[in-house]
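Undergrad: structure of the sequence below:
(chains A and B)
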Number of protein chains: 2
Amino acid sequence: MAKFSTRLDEAVSKFSAICIGIDPSESELDNWELPDSAAGAREYGLRIIDSAQDRLGIIKPQVGFFERFGSLGYQTLEEIIREAKDAGLIVIADAKRGDIGSTMLGYASAWFGDDSPLRSDALTVSGYLGPESLRETLHYAQDVQGGLFILAATSNPEAAQLQQALIGGKTVAANVIDAAKEIGQGEMGVVIGATQDLKAFGIGHITERDIEIPILAPGFGAQGARLEDLKEIFGASSHRIIASMSRELTKNGPEQLGLMIDKAKAKL
Amino acid sequence: MAKFSTRLDEAVSKFSAICIGIDPSESELDNWELPDSAAGAREYGLRIIDSAQDRLGIIKPQVGFFERFGSLGYQTLEEIIREAKDAGLIVIADAKRGDIGSTMLGYASAWFGDDSPLRSDALTVSGYLGPESLRETLHYAQDVQGGLFILAATSNPEAAQLQQALIGGKTVAANVIDAAKEIGQGEMGVVIGATQDLKAFGIGHITERDIEIPILAPGFGAQGARLEDLKEIFGASSHRIIASMSRELTKNGPEQLGLMIDKAKAKL
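TA: Here you go, the predicted model:
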C-alpha cells in the first residue's frame, strides 16, 4: 500500500477534493427520519458510504457522534470503518485526540493498530500538549501507511482565543503548521477552517506560498464558506485542500445525497 | 445529589486528596500478569476498584487505554464506571475531549447523558478550540451534578511549546485558569502537572493566592513529583489539589495495592 499522502492525492485526483463527514448527531438523524440510536447512526453511515462510493474518495466520521452511544456506538463506528474500506474509501477518523506520550500510544494503537477494529487511514489530533508530543503517534501511523491532521486554525468562533496566542512573535496556529511540516515528513496535515481570516491567525502566508502539506478544511457549506471561493480563500495552497462537508450535502435527505454530492463537485 | 465540587470536597475530606488512575496500558497489564486485551483491562480495573474502595474516594480511568480495544474496550470501561459508582467512588473520565460546539455536545451526552452507559462525574477536556467552546459542555455536566477539568499546564516535557504562548501578555495556561473560573462557576477545575515550574507557565501566582477551583494534578510518583512536597509545590492552592497517581501505586502488583495506597495517604 502507498503512503497516506500519496493515497490522499490519488483520491483527490480520481474523484474530488471533497470529503464527506459522517456526523450522526441528533438533528441529522432526525432530519433523515432515523432513530436517535446506534442503529440509526449505523443506517445513516452506511447510506452515506453507499452514495459516496464512486463519487468521492474520502469520508470523515465524527467520533463524538458515535461515542454518545457508548460501546454500541463504537460497534457501529467499527462497522462503518470496515464498510468504507471495503468500498475503497479513505477514512479520516475525526477524534481530535491529544494526550501525553504513553496515553497517546494507547490512542495510536486504537486508530492505527494492526488488528484494531477502529483502524483508520488518518486521525485528527489536537496539539494542546505541544505538537512535539505527537511525534511518536505519527511514526505509529506511518508504520501502517497512515497519517495525522493536527488542529491549526479551527472554524469555530471561539478559536481565536488560544490559536492567535504568540510564541516568540509567531502565532500558535503558525507554530502548529511549522511543527507539522517538521515532524510530519509530509504525512501530518493540518486542520484550517475555511471560514476564518487566515491573516488574523498569522497564517496568511499560506495563500502566497504552497503550504506543502495537506489541509483538512471544514467550514464549507452550512458554516458559511463557499466551495466556489476555495481558490480565493487558500490561494497558493488551494491544491492542498480536502474540503470537508456534512450538512450541506445531507440536508435534503438520503435520496438526494448523490445529487448533492455531484452538484458540490461541479463547483470545484 | 450534591453538585460536583461539593462531592469532590467530601471525598477528599473523608478519604484523601489522592485519586487513583486506571491506566491499563500494555506495560501495566504485563506487570500484573494480565492478558493485553479488554478482558485483561477489565480485571485490572475491577481489582483497582476493589482496593480503592474504603481507602480512596476518586478514580480516574484513562480512556485511551480502553479505546485501544475498540468497542470491547468501551464495554469494559462501561462496566468499570458502573462498578466504581456502585462502590461510591467519584469517576473522572480522563478523555481530554475538545471540539467545536455541535460535536462537543455529542461528547457531553456521551459522558453526562442521563442514560449514557459512560456517564461519569467529571470529564477532562482540552481547550485548543478556545476555553469558551466548552461553556455548553459545562452546563450539560452541571445539569447532572457533574464537572469538568480543563488542561492548563500539563506534565509532559513538550508542554511549554504551546502552553507558555502569550495572549495579551498572559500565558495560555494562565488564560485557561481565568476562563475556567469565569465559565465554570466552581464546577470547572484545571489540570496542572505537579512536575512543572509554575512560574515558567505564568501561573506562579496560584502558590500565593488560592486558585479557588479544583486542580487535578498528575505527575506525582513515577513522573517525579513527591507527595511530601505537595504543599511546597502548590502553596496557597494546595488544598485544591486532587493528586493523581497510577504506576507508583500499582507497580508492586495487585496484592500490594492496598498497602501502597495506605503508604501514599500517610505522606499527605
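Undergrad: just checking, next helix/strand downstream of the helix ranked longest in chain A?
TA: Identified as the longest helix of chain A according to DSSP state H is helix A:70-86. The first helix or strand that comes after helix A:70-86 along the chain, using DSSP states H and E, is strand A:90-97.
Undergrad: helices or strands up against that next one?
TA: helix A:4-14, strand A:58-61, helix A:70-86, helix A:101-112, strand A:122-125 (3 or more C-beta pairs under 8 Å, 6 or more residues apart in numbering or on different chains; DSSP states H and E). Bear in mind the C-beta positions are built from the backbone N, C-alpha and C, glycine included.
Undergrad: anything in the helix-or-strand element of chain A with minimal mean pLDDT near chain B?
TA: Lowest on mean pLDDT, DSSP states H and E among the helices and strands of chain A sits helix A:160-163, with a mean of 92. Yes. Residues of helix A:160-163 contacting chain B under C-beta under 8 Å from any C-beta of the partner chain: A:Ala160, A:Gln161, A:Leu162, A:Gln163.
Undergrad: nearest to chain B, of those residues?
TA: Set against chain B, the nearest of the residues of helix A:160-163 next to chain B by C-beta to the nearest C-beta is A:Gln161 (3.8 Å).
Undergrad: count residues in the vicinity of that closest one, would you?
TA: A:Gln161 has 21 neighbouring residues, counting by other C-beta atoms under 10 Å in any protein chain shown.
Undergrad: for B:Leu134, see how far away it is.
TA: Separation of A:Gln161 from B:Leu134 (C-beta to C-beta, to the nearest Å) stands at 11 Å.
Undergrad: and for A:Val144?
TA: In terms of C-beta to C-beta, A:Val144 sits 33 Å off from B:Leu134.
Undergrad: settle it for me: which of these two has more neighbours?
TA: B:Leu134 (30 against 17).
Undergrad: quickly name whichever of the residues of helix A:160-163 next to chain B is closest to A:Ser244.
TA: Taking C-beta to C-beta as the measure, A:Ser244 sits nearest to A:Gln163 out of the residues of helix A:160-163 next to chain B, at 18.1 Å.
Undergrad: wait, that closest one touches A:Lys170, no?
TA: No. Using C-beta atoms under 8 Å, A:Gln163 makes no contact with A:Lys170, being 11.8 Å away.
Undergrad: what about these two, which has more around it?
TA: Taking neighbours as other C-beta under 10 Å, A:Gln163 and A:Lys170 compare with A:Gln163 leading, 31 against 15.
Undergrad: which residues does the residue nearest to that one when sequence neighbours are not counted contact?
TA: Nearest residue to A:Gln163, sequence neighbours excluded (C-beta to C-beta, 6 or more residues apart in numbering or on different chains): A:Ala173, at 4.7 Å. Contacts for A:Ala173 (C-beta atoms under 8 Å, 6 or more residues apart in numbering or on different chains) come out as A:Ala152, A:Ala153, A:Gln163, A:Gln164, A:Ile192, A:Phe201, A:Gly202, A:Ile203.
Undergrad: and with 10 Å instead?
TA: For A:Ala173, the contact set (C-beta atoms under 10 Å, 6 or more residues apart in numbering or on different chains) comprises A:151-154, A:159-160, A:162-165, A:190, A:192, A:196, A:198, A:200-203.
Undergrad: which parts of whatever helix or strand it lives in are buried?
TA: Using DSSP H and E, A:Ala173 falls within helix A:172-184. In terms of neighbour count (16 or more other C-beta atoms under 10 Å in any protein chain shown), helix A:172-184 has its buried residues at A:Val172, A:Ala173, A:Ala174, A:Asn175, A:Val176, A:Ile177, A:Ala179, A:Ala180, A:Lys181, A:Ile183, A:Gly184.
Undergrad: stretch A:129-148 too?
TA: Neighbour count says stretch A:129-148 has A:129-135, A:137-138, A:140-142, A:144-148 buried, by 16+ other C-beta under 10 Å.
Undergrad: cool, stretch A:30-40 as well?
TA: Under 16+ other C-beta under 10 Å, the buried positions of stretch A:30-40 are A:Asn31, A:Trp32, A:Leu34, A:Asp36, A:Ala38, A:Gly40.
Undergrad: ok, back up a step: any chance of the helices and strands packed on strand A:90-97 in CSV with mean pLDDT as columns?
TA: Output for those, formatted as CSV (pLDDT from 0 to 100):
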stretch, mean pLDDT
helix A:4-14, 98
strand A:58-61, 98
helix A:70-86, 98
helix A:101-112, 96
strand A:122-125, 98
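Undergrad: okay, these in a markdown table with mean neighbour count and distance to chain B next?
TA: Listed next are those as a markdown table, based on neighbours: other C-beta atoms under 10 Å in any protein chain shown; distance: least, C-beta to the nearest C-beta, whole Å:
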| stretch | mean neighbour count | distance to chain B |
| --- | --- | --- |
| helix A:4-14 | 17 | 20 |
| strand A:58-61 | 27 | 11 |
| helix A:70-86 | 21 | 4 |
| helix A:101-112 | 24 | 4 |
| strand A:122-125 | 28 | 9 |
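Undergrad: list just the nearest of the buried residues of helix A:172-184 to chain B.
TA: Distance to chain B, by C-beta to the nearest C-beta, is smallest for A:Val172 among the buried residues of helix A:172-184, at 5.2 Å.
Undergrad: pretty sure the closest one sits against A:Ser126.
TA: No. Taking contacts as C-beta atoms under 10 Å, A:Val172 lies outside contact range of A:Ser126: 11.7 Å.
Undergrad: list residues touching both of the two?
TA: Applying C-beta under 10 Å, 6+ apart, one finds that A:Val172 and A:Ser126 are jointly contacted by A:Leu151, B:Tyr128.
Undergrad: run through the bridge partners of A:Val125.
TA: Under DSSP bridges, the beta-bridge partners of A:Val125 are A:Arg97, A:Ile150.
Undergrad: that one reaches A:Phe112, doesn't it?
TA: No. Between A:Val125 and A:Phe112 there is no contact, the gap being 11.7 Å when judged by C-beta under 10 Å.
Undergrad: common neighbours of those two, please.
TA: Between them, A:Val125 and A:Phe112 share the contacting residues A:Thr137, A:Leu138, A:Ala141, A:Leu148, judged by C-beta under 10 Å, 6+ apart.
Undergrad: the second one against A:Gly127, yeah?
TA: No. Applying C-beta under 10 Å, one finds A:Leu138 not in contact with A:Gly127, separated by 11.7 Å.
Undergrad: circling back to that earlier point, what angle sits between the helix holding A:Ala173 and helix A:4-14?
TA: Using axes from the mean of the first three to the mean of the last three C-alpha atoms, to 10 degrees, the inter-axis angle of helix A:172-184 relative to helix A:4-14 is 110 degrees.
Undergrad: helix A:172-184: what's the following helix or strand?
TA: Along the chain past helix A:172-184, the next helix or strand (assigned with DSSP H and E) turns out to be strand A:188-192.
Undergrad: starting at the chain centroid, how far to that next one?
TA: Distance of strand A:188-192 from the chain centroid (C-alpha atoms, centre = their mean, to the nearest Å) equals 8 Å.
Undergrad: try stretch A:52-63
TA: 10 Å.
Undergrad: do stretch A:18-37 as well
TA: For stretch A:18-37, the distance to the chain centre is 17 Å (C-alpha atoms, centre = their mean).
Undergrad: do it and chain B meet at all?
TA: Yes. Using C-beta under 10 Å from any C-beta of the partner chain, stretch A:18-37 comes into contact with chain B via A:Gly21, A:Asp23, A:Pro24, A:Ser25, A:Glu26, A:Ser27, A:Glu28, A:Asp36.
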